[in-house]
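Engineer: Structural data only, the sequence is not supplied:
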Ligand SMILES: [Zn+2]
Ligand SMILES: [Zn+2]
């Protein structure tokens with residue numbers, strides 16, 4: 001099965017609208033993965049940052065029958081769930097949305113989503129949505145989401161954060177979504193000493209890797225333990241795993257378009273010197289890749 005990957009939100013931590021972020025985008029993480037030909041049950045959405053608002057609007061505008069969407073959450077930090085209450089397909093009967101993700105400690109995924117829409121902070125509670133909503137809690141392991149077989153792996157980030165590898169059930173190239181992940185030393189995470197090796201095995205042979213590349217090496221020195229990586233670390237990981245295309249993702253809010261241009265140029269120089277990954281891109285709102 002061929003599929004497309006479209007970036008609706010590329011920014012980490014907090015939305016950064018404005019002229020200085022217009023090219024790479026200011027919305028927080030949201031990536032739509034859609035089997036071709038596009039159709040019912042084929043849409044998988046990775047994270048529900050503020051980018052999901054415009055995606056939801058487009059889904060409703062192009063609606064041909066009910067909207068069916070599978071939303072796979074890496075974790076429940078605000079920047080990855082904050083667009084959910086503004087996802088338009090929720091507000092029409094007949095639509096069906098399933099949200100997949102991990103619990104956090106002893107708090108269930110459903111409780112976390114409910115808290116975000118508590119009347120104290122949001123006018124419409126989760127129970128008042130017109131669409132059929134299913135919350136599917138997942139553990140690290142393997143499961144099927146829409147047309148994809150999904151494998152998940154714990155990442156090095158505060159709380160339980162999962163990286164996902166998607167492979168079409170019908171066969172075809174794999175992709176991986178690994179954001180909010182600290183590749184370097186630092187932080188206190190429940191990952192063992194063989195974690196990086198396991199991650200390389202997990203990613204082996206994927207055609208497309210979307211990876212956290214929030215910091216420059218200098219910025220990382222002031223943010224060890226925050227759960228993010230540099231573009232250099234992302235390029236090195238993609239090279240080790242034999243990934244063909246790397247997309248630098250979860251842009252630092254303080255980085256304007258020119259800063260990201262410079263970071264991308266440096267990442268490409270590094271990749272060229274090793275021969276891998278063959279292609280490096282910086283996530284850009286509106287960008288669509290075909291696999
Ligand atoms: Zn984040
Ligand atoms: Zn996070």
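Structural biologist: Nice, I can see it. Being a predicted model, the structure only gives us computed values, none of them experimental. Ligands and ions are numbered 1, 2, ... in the order given.

Engineer: make it CA atoms for all contacts and neighbour counts henceforth
Structural biologist: Will do.

Engineer: how many other residues sit next to residue 92?
Structural biologist: 15 (other C-alpha atoms under 10 Å).

Engineer: Wait, it touches residue 133, no?
Structural biologist: No. Using C-alpha atoms under 8 Å, residue 92 makes no contact with residue 133, being 11.4 Å away.

Engineer: give me the element the nearest residue to residue 13 once chain neighbours are set aside is part of.
Structural biologist: Nearest residue to residue 13, sequence neighbours excluded (C-alpha to C-alpha, 6 or more residues apart in numbering): residue 79, at 5.2 Å. Element membership for residue 79 (DSSP states H and E) is helix 78-81.

Engineer: if we look at that helix, which residues are touching it?
Structural biologist: Outside helix 78-81, the residues within contact range by C-alpha atoms under 8 Å, 6 or more residues apart in numbering are 12-15, 28-30, 47-50, 73-74.

Engineer: what secondary structure does residue 272 sit in?
Structural biologist: helix (DSSP: H, G, I helix; E, B strand; the rest coil).

Engineer: pLDDT value on it, please?
Structural biologist: On pLDDT, residue 272 comes in at 96.

Engineer: how close does it sit to ligand 1?
Structural biologist: Between residue 272 and ligand 1 the computed distance is 28 Å (C-alpha to the ion, to the nearest Å).

Engineer: Quick one: residues contacting that residue.
Structural biologist: residue 278.

Engineer: Residue 187 now?
Structural biologist: With contact taken as C-alpha under 8 Å, 6+ apart, residue 187 is in contact with 156-157, 224-227.

Engineer: show me where the chain has helices.
Structural biologist: 52-61, 78-81, 109-116, 195-203, 217-221, 231-241, 257-274 (DSSP state H).

Engineer: Adding distance to residue 165, write the ones you listed out as a markdown table.
Structural biologist: Converted to a markdown table, the helices of the chain look like this (distance: least, C-alpha to C-alpha, whole Å):
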| stretch | distance to residue 165 |
| --- | --- |
| helix 52-61 | 21 |
| helix 78-81 | 18 |
| helix 109-116 | 21 |
| helix 195-203 | 7 |
| helix 217-221 | 26 |
| helix 231-241 | 13 |
| helix 257-274 | 22 |
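
Engineer: how about those, which one is nearest residue 124?
Structural biologist: Residue 124 sits nearest to helix 109-116 of all the helices of the chain, at 10.2 Å, using C-alpha to C-alpha.

Engineer: which bits of this protein sit near ligand 1?
Structural biologist: 12-13 (C-alpha under 5 Å from the ion).

Engineer: how about low-confidence regions in the chain?
Structural biologist: For the chain, residues meeting the criterion pLDDT under 70 lie at 38-41.

Engineer: can you give me the strands in it?
Structural biologist: 3-9, 30-35, 43-46, 68-72, 96-101, 132-137, 142-145, 148-154, 162-168, 175-178, 208-212, 245-249, 279-282, 288-290 (DSSP state E).

Engineer: and those, which is most packed in?
Structural biologist: strand 208-212 (a mean of 27; mean count of other C-alpha atoms under 10 Å).

Engineer: name the helices or strands packed onto that strand?
Structural biologist: strand 175-178, helix 231-241, strand 245-249 (3 or more C-alpha pairs under 8 Å, 6 or more residues apart in numbering; DSSP states H and E).

Engineer: ok, that strand: who's next to it in the sheet?
Structural biologist: strand 175-178 (parallel), strand 245-249 (parallel) (DSSP bridges).

Engineer: Output these as CSV; include the columns distance to residue 35.
Structural biologist: Formatted as CSV, the strands paired with strand 208-212 follow (distance: least, C-alpha to C-alpha, whole Å):
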stretch, distance to residue 35
strand 175-178, 13
strand 245-249, 19
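
Engineer: If you rank the contacts of residue 187 by neighbours, which is first?
Structural biologist: residue 156 (29 neighbours).

Engineer: tell me the contacts of it?
Structural biologist: Contact analysis of residue 156 by C-alpha under 8 Å, 6+ apart lists 180-183, 187, 189-191, 227.

Engineer: gap between it and residue 277?
Structural biologist: To residue 277, residue 156 is 22 Å away according to C-alpha to C-alpha, to the nearest Å.
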